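Student: quick one, what's the 3D model for this:
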Amino acid sequence: MKVPSWLRLRRRRKAASTACATTCPTCGREMELEDKDTSSGVDMRTYRCDYCRKSHVVDHGTALWKVLSDARESGE
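Tutor: Reported below is the predicted structural model:
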C-alpha cells in the first residue's frame with residue numbers, strides 16, 4: 001500500500017529521562033522519606049536508600065509557609 005504524500009509518518013520519541021528527587025544518586029533506586037524539616041523556612045528532606053543504606057539530604061527550596069507569610073506581609 002502506498003502512503004499518501006500529505007501523510008507524514010512520525011517516529012515515536014523516547015521519553016526524556018528526568019532525575020527525580022527520590023532517586024538515589026549512588027545506586028539509582030527509589031528512596032524513602034525519612035525526615036522533613038521546614039522550621040528554618042527552607043524545605044529540607046532526608047531520604048534513605050534501603051539498598052545502599054545511605055541517607056541523602058535534599059533541598060526543595062523555600063518552604064510553602066514562608067512564601068505565604070512573605071506574601072501576606074507584603075500585602076499589608
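Student: please point out which parts of the helix or strand residue 47 falls within sit buried.
Tutor: Using DSSP states H and E, the secondary-structure element containing residue 47 is strand 42-49. Of all the residues in strand 42-49, those buried under the rule 16 or more other C-beta atoms under 10 Å are 43-45, 47, 49. For every residue, glycine as well, the C-beta is placed using N, CA and C.
Student: partner strands of the helix or strand following that strand, with direction?
Tutor: Note on strand 42-49: by DSSP H and E, the next helix or strand toward the C-terminus is strand 54-62. Each strand that strand 54-62 pairs with, and the sense of that pairing, follows from DSSP bridges: strand 42-49 (antiparallel).
Student: the nearest residue to residue 25 once chain neighbours are set aside pairs with what?
Tutor: Here the nearest residue to residue 25 in space, its sequence neighbours aside, is residue 56; by C-beta to C-beta, 6 or more residues apart in numbering that works out to 6.6 Å. The residues paired with residue 56 through beta bridges, assigned by DSSP bridges, are residue 47.
Student: among the buried residues of strand 42-49, which one lies nearest to residue 70?
Tutor: Using C-beta to C-beta, residue 43 comes nearest to residue 70 of those, at 14.4 Å.
Student: and the closest one, how far from residue 8?
Tutor: For residue 43, the distance to residue 8 under the criterion C-beta to C-beta, to the nearest Å works out to 46 Å.
Student: from residue 74, how far off is residue 38?
Tutor: Using C-beta to C-beta, residue 38 is found at 20 Å from residue 74.
Student: higher neighbour count, these two?
Tutor: Set side by side, residue 38 and residue 74 show more neighbours around residue 38, with 15 against 7, by other C-beta atoms under 10 Å.
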